[in-house]
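>>> predicted model follows, preceded by the sequence.
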Amino acid sequence: MSGSAIPAASCAAPVIVWLRRDLRLGDNPAVVAAAETGRPVIAVIVRDPLFDALGAAPKWRFGLGLKKFQKQLQSLGSRVILRSGPVFDVLRALMTETGATSLYWNRAYDPESIERDSEVKAQFAAAGIDVRSFSGNLLLEPWKTSTKTGGHFKVYSPFWRALSVHDIPAPIAAPQVLRAPDEWPASETLASWGFGHDMGRGADVVALHLSLGEEAAQARLDRFLETALPDYAKDRDFPARAVTSNLSEPLAYGEISARQIWHQTWLRYPNGEAEKFLKELAWRDFAWHLTYHDPHIQTGCWRQEWDRFNWDTAADHPHLIAWQQGRTGVDLVDAGMRELYTTGRMHNRVRMIVASYLTKHLRMHWRLGQQWFADTLVDWDAASNAMGWQWVAGCGPDAAPYFRIFNPDTQQQKFDAQNAYCRHWLGTGSGFEEAMPLSWKASRPLNPIVPLAQGRTAALAALEAFKATQPEKV
């Protein structure tokens, strides 16, 4: 927490809370701290260039979540102000209009947001504004865990061991009252922002699979803990079995916090029965730990020597287009890609398989897959997406690099032996054909566009050729 003391003459001046991906009242430190001042609270969403850079699905899903959150605030006699433009200019204008002397927000950890937020904080602090940022989006801040030598973690297992012995801060109760200002400042309308424009006709189909808002997120957690968690560890890799939490979606928009999930899970399962699930929750923290300490992971290979690997980067390559449209001829890959386009999500095991097929069998650059997921996932998370793609591609933080190649047919025999998952998503009643653009071809080839054995052999040959050109071990 940082910032100068509030001048005594400003004790009734509003506090502005700059919301980002934290659309909740419970365990929202910035909102709670603002409410505890007893002063008027003005929440604002700023549509700036970073906001506009969001892909089609996450931007649309954010708009739907924001609409739900607006109604939640209205029930407390409050509201969210919407403004567009450079963040500092927007917030400075809002402070001038309202007489606000304090600005609060919950921290973000991607390199672009850190740069923006640091500049905003420095400029307002220099002007005598009380500026405070809070920890509210992760289990622990990325700098709270370190190796025995004081560095940051680069392997998950020791990261988990370090995190698991920390005291994870308890969630903060939602404020019961949000004092309104004497006069609300003007606001743009959510409809005018047009967040659903790029979704096309798929919006109506994907919307059927969404769960919006803080109350729904809590209900989803309760349902998972009550009915699915006992089978989670043994069944989580089977895509046709409904044992995963589906909490990645509300987590992505801050409709629930990681700390709420952590503590409610421990409360229900105090003897460690939920460790497998909590380890998966902590993967998200690990991804942000890496992004904070190694920000190049967002745009380049974490193992930087792999930036020289000969992946195909053609965004119009027929193989990439076939993969995007679920037309590779490989059942489990195409089923996963169709689930993604129909629901905005994909089962985690299947995500690894479709990513492996793209980067190994098709030898397309992982960045192309990362960008497609960033455009189509409603549970998109910048750190998890980047780390996940690099983990599979073999250039990320993992002990088993490029030569690990998932065989989709073997994976299907192991995790979808009854063909329930593939049959549903490759069938005519899944909703995929209603969601896909009319310009897409609906038919699938009878045979894989790249046979599995052929793709594996070529991938390993490409690895050997790459290793022969490198002075360092890869």
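Cool, got the structure. Residues are numbered from 1 along each chain as shown.
>>> phi, psi of the residue sitting nearest the centre point of the chain?
The centroid of the chain falls nearest to residue 381 when counting by CA atoms, centre = their mean (1.6 Å). Backbone geometry at residue 381, expressed as degrees, to the nearest 10, gives phi -130, psi 120.
>>> how about residue 324?
Residue torsions, per degrees, to the nearest 10, at residue 324 are phi -60, psi -40.
>>> please report the distance of the residue nearest to the centre of the chain from residue 285.
Residue 381 sits 11 Å away from residue 285, going by CB to CB, to the nearest Å. (Each C-beta comes from the backbone N, C-alpha and C, glycine too.)
>>> with residue 136 instead?
Relative to residue 285, and taking CB to CB, residue 136 is found at 13 Å.
>>> repeat that for residue 447.
Applying CB to CB to residue 447 and residue 285 gives a distance of 42 Å.
>>> so for those two, which residue has more residues nearby?
Neighbours were counted for residue 447 and for residue 285 using other CB atoms under 10 Å; residue 285 has more, 25 against 9.
>>> relative to the lengthiest strand in the chain, what are the paired strands and their orientations?
Counting by DSSP state E, the longest strand found in the chain is strand 41-47. Note on strand 41-47: by DSSP bridges, its sheet partners are strand 15-19 (parallel), strand 80-84 (parallel).
>>> can I get these in TSV with distance to residue 389 and mean neighbour count?
Converted to TSV, the strands paired with strand 41-47 look like this (distance: least, CB to CB, whole Å; neighbours: other CB atoms under 10 Å):
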stretch	distance to residue 389	mean neighbour count
strand 15-19	28	25
strand 80-84	31	18
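>>> now those strands in CSV, with distance to residue 363 and mean pLDDT?
What follows is the strands paired with strand 41-47, written out as CSV (distance: least, CB to CB, whole Å; pLDDT from 0 to 100):
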stretch, distance to residue 363, mean pLDDT
strand 15-19, 42, 98
strand 80-84, 41, 98
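>>> and the nearest residue to residue 448 once chain neighbours are set aside, what does it touch?
Excluding the flanking residues, the one nearest residue 448 by CB to CB, 6 or more residues apart in numbering is residue 329, at 4.0 Å. Contacts for residue 329 (CB atoms under 8 Å, 6 or more residues apart in numbering) come out as 444, 445, 446, 447, 448, 449.
>>> and the last one, how far from residue 470?
Residue 449 sits 30 Å away from residue 470 when distances are taken as CB to CB.
>>> okay, the two: which has more neighbours?
Between residue 449 and residue 470, counting by other CB under 10 Å, residue 449 is the more crowded of the two (17 against 12).
>>> so the more buried one sits in a helix?
No - looking at residue 449 with DSSP: H, G, I helix; E, B strand; the rest coil, it is coil, so not inside a helix.
>>> how does this protein divide into domains?
What the record gives for the chain is the domain set 1-137, 138-170+200-293, 304-469, from automatic domain parsing.
>>> make JSON lines out of the ones you listed and add distance to residue 179.
Output for those, formatted as JSON lines (distance: least, CB to CB, whole Å):
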{"stretch": "domain 1-137", "distance to residue 179": "5"}
{"stretch": "domain 138-170+200-293", "distance to residue 179": "20"}
{"stretch": "domain 304-469", "distance to residue 179": "33"}
